[in-house]
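Peer 1: Prediction below, plus the sequence it came from.
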Amino acid sequence: MRQLAWLLIVAILLAGCQQNVELDCVSVSESVYVNDRFPTHIEKYDPNSPRIVNFENDFKDTVSVWINDKVVATKYLETKSTGLADKVIIKAQPNDEIVFKTTHSCARFKLCGGYNYLYIRRSVNKGWEVAYSNFSKGYF
């Protein structure tokens with residue numbers, strides 16, 4: 001009886017240590033990045049090619065990229081002086097649900113069709129922004 005009580009106490013303590021914190025995902029602000037200065041550098045959209053997701057400013061965390069409830073990439077990102085943290089290449093189709101998760105934040109949106117590049121940034125109010133484009137920005 002004494003052993004059973006001891007096991008019960010240990011089980012309760014161990015169960016209390018396992019915390020799965022669910023983050024509430026926020027919607028993202030979406031826009032289109034238009035390249036008027038170099039129109040010859042715009043790439044034609046190919047629905048079968050991978051999407052290049054560029055994480056830009058305000059990152060110093062591990063980011064997980066989910067497509068339709070499946071983790072497709074996890075990477076530590078830290079924004080460099082150029083303004084780019086890093087990029088992730090994903091295979092996704094228009095209307096796929098994309099989710100970005102960090103330690104303290106989560107964003108969810110449906111992928112807009114017609115674009116090869118996504119530029120992801122954190123906004124001032126801790127929100128997320130995505131800009132779609134068929135132009136690869138240069139980071140110097």
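Peer 2: Received it, and whenever you're ready, just let me know what you need.

Peer 1: drop to CA atoms for contacts and neighbour counts, all remaining ones
Peer 2: Fine.

Peer 1: E56 - nearest residue in space that isn't next to it in sequence?
Peer 2: L84 (4.3 Å; C-alpha to C-alpha, 6 or more residues apart in numbering).

Peer 1: Tell me who's in contact with that neighbour.
Peer 2: N54, F55, E56, N57, Y139 (C-alpha atoms under 8 Å, 6 or more residues apart in numbering).

Peer 1: who's in contact with the third one?
Peer 2: Meaning E56. Going by C-alpha under 8 Å, 6+ apart, the list of residues near E56 reads T79, G83, L84, A85, D86, Y119, I120, R121, R122.

Peer 1: now, which of these lie within strands?
Peer 2: In strands, defined here by DSSP state E, the members of the contacts of E56 are D86, Y119, I120, R121, R122.

Peer 1: Nearest to N134 among these?
Peer 2: N134 lies nearest to Y119 out of these, by C-alpha to C-alpha, at 10.8 Å.

Peer 1: Among the contacts of L84, which one sits closest to N35?
Peer 2: Nearest member of those to N35, counting by C-alpha to C-alpha, is Y139, at 14.8 Å.

Peer 1: pLDDT wise, what is the closest one at?
Peer 2: pLDDT for Y139: 64.
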